[in-house]
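[1] I'd like to go over a predicted model; first the sequence, then the structure.
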Amino acid sequence: MIEAHDSVIIRTLGRLVIPIAQLFGIYVLVFGQYGPGGGFVGGVILAASMILAVLIFGRDGPDSWLATKVLHGDGLGLLIFAGVGGLCLIGGGQFLNYTHLQIPGLDDPSRHYVGILLTQIGVAADVAVTGVSIAISLSAEDEDLSDD
Amino acid sequence: MILELPLLAFMVMTAAGAVLVKDLISSVFILGTYSFTLALVWALLGAVDVAFVEAVVGAGLATVFFLLTLFVTSEEDTRIRRSSIPWTALIGLPIVAILLLYGAADLPSFGDPLSPASTHVSPVYLEGSVEQTRTPNVVTAILMDYRALDTLIETIVIFTAGIACALILRRASP
């Protein structure tokens, strides 16, 4: 169990850095179709910001609520990704062929664009949750270490 | 390019240092330096997406994971006894190196437009990605559209890694 850090400097800097890191992660995720980046990198940056919150404010601290809440979403990103593929199947095409996403009012390239964006959000959610989950699993030492 | 040789030398130095250093925390940080240098090399070669992933994952997240692992295990390098170098390695590794260099002479040169990698399907992706997907970054278009099933399987791999870590490392909460 990670305890809260007791240095004022680190806590203040954490309050400053963590929102910027999360904003940058979302930027990289959304901007991945125009520049370097994408779902994987954006998810890793989001995971790093939440791990930083856990390391600074402790696992049960009030300021790291996002990291503990986000653990309940394990597998949600995979569901989004595979769900987009399933929507393509429902639309009458092949799995993950975004042309068959049934979105009214969009031509084929725009459907591909929306499909890429949705699957990137899925990858980012999966990677972010997995990163936080692995970090919390690795730090899950508790008081009964002597019994093994 | 003038930056490639110093970066390559620095990579070799950091890779050797990460293996040779006694303190495991120093080894983790040297490994992070190695990853960041590797990211710089990839950025020099023009692979910006790969460089971004390497910098974020290799130098950032993997370092944090290694440090967390060290904090719950031991920071001392107690198990590894450094014995003398076996003679098979002294003979075999130079032979392998010579064979690899011999094979590398037949590889196409960097950026060769006639190499098999850039004549098979790459032109289709490069010419069609903007019209077909409205995505200027062709790497994202390939990963998320043309090769979406591969990316789905990779996502499943990451998900499985997280589940396996949770199953092995976490204990039942009291």
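    Yep, that arrived. Numbers count the residues shown, from 1 in each chain, chains lettered A, B, ... in the order given.
[2] domain parsing for chain B?
    Domain segmentation of chain B under automatic domain parsing yields B:1-77, B:114-174.
[3] Mean pLDDT, mean neighbour count and distance to chain A for those - can I get that in JSON lines?
    For every residue, glycine as well, the C-beta is placed using N, CA and C. Conversion of the domains of chain B to JSON lines gives the following (pLDDT from 0 to 100; neighbours: other CB atoms under 10 Å in any protein chain shown; distance: least, CB to the nearest CB, whole Å):
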{"stretch": "domain B:1-77", "mean pLDDT": "89", "mean neighbour count": "16", "distance to chain A": "4"}
{"stretch": "domain B:114-174", "mean pLDDT": "87", "mean neighbour count": "15", "distance to chain A": "3"}
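[4] Show me the one of these that comes nearest residue A:3.
    domain B:1-77 (12.1 Å; CB to CB).
[5] now for the least confident helix or strand in chain A by mean pLDDT, which elements pack on it?
    Ranking every helix and strand in chain A by mean pLDDT, DSSP states H and E puts helix A:65-70 at the bottom, with a mean of 88. Contacts defined by 3 or more CB pairs under 8 Å, 6 or more residues apart in numbering or on different chains; DSSP states H and E place helix A:65-70 against helix A:39-57, helix A:108-138.
[6] could I get those as JSON lines with mean pLDDT and distance to chain B?
    Output for the helices and strands packed on helix A:65-70, formatted as JSON lines (pLDDT from 0 to 100; distance: least, CB to the nearest CB, whole Å):
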{"stretch": "helix A:39-57", "mean pLDDT": "92", "distance to chain B": "5"}
{"stretch": "helix A:108-138", "mean pLDDT": "92", "distance to chain B": "3"}
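[7] re earlier: looking at the domains of chain B, which is closest to residue A:85?
    So among the domains of chain B, domain B:114-174 is nearest, using CB to CB, at 6.9 Å.
[8] Distance from that closest one to the middle of the chain?
    16 Å (CA atoms, centre = their mean, to the nearest Å).
[9] ditto for stretch A:77-94
    Taking CA atoms, centre = their mean, the mean C-alpha location of stretch A:77-94 is offset from the chain mean by 20 Å.
[10] Let's test this: mean pLDDT of it, rounded?
    For stretch A:77-94, the mean per-residue pLDDT is 91.
[11] What residues of it count as buried?
    Of all the residues in stretch A:77-94, those buried under the rule 16 or more other CB atoms under 10 Å in any protein chain shown are A:77, A:78, A:80, A:81, A:82, A:84, A:85, A:87, A:88.
[12] and the fourth one, what helix or strand is that in?
    This points to residue A:81. Assigned by DSSP states H and E, residue A:81 belongs to helix A:76-90.
[13] quick one: contacts of that helix?
    The contact list for helix A:76-90, computed with CB atoms under 8 Å, 6 or more residues apart in numbering or on different chains, reads A:43, A:94-102, A:115, A:118-119, A:121-129, B:148, B:151-152, B:155-156, B:159.
[14] can you check stretch B:20-36 too?
    Contacting residues not belonging to stretch B:20-36 are listed as B:11, B:14-15, B:17-19, B:54-55, B:57-60, B:62-63, B:66-67, B:70, B:74-77 [CB under 8 Å, 6+ apart].
[15] again, only using 7 Å
    Residues external to stretch B:20-36 that are found in contact with it (CB atoms under 7 Å, 6 or more residues apart in numbering or on different chains): B:11, B:14-15, B:17-18, B:54-55, B:58-59, B:63, B:66-67, B:70, B:75, B:77.
[16] With stretch B:156-174 instead?
    Outside of stretch B:156-174, the residues within contact range by CB under 7 Å, 6+ apart are A:74, A:75, A:78, A:126, A:127, A:130, A:133, A:134, A:137, A:138, A:140, A:142.
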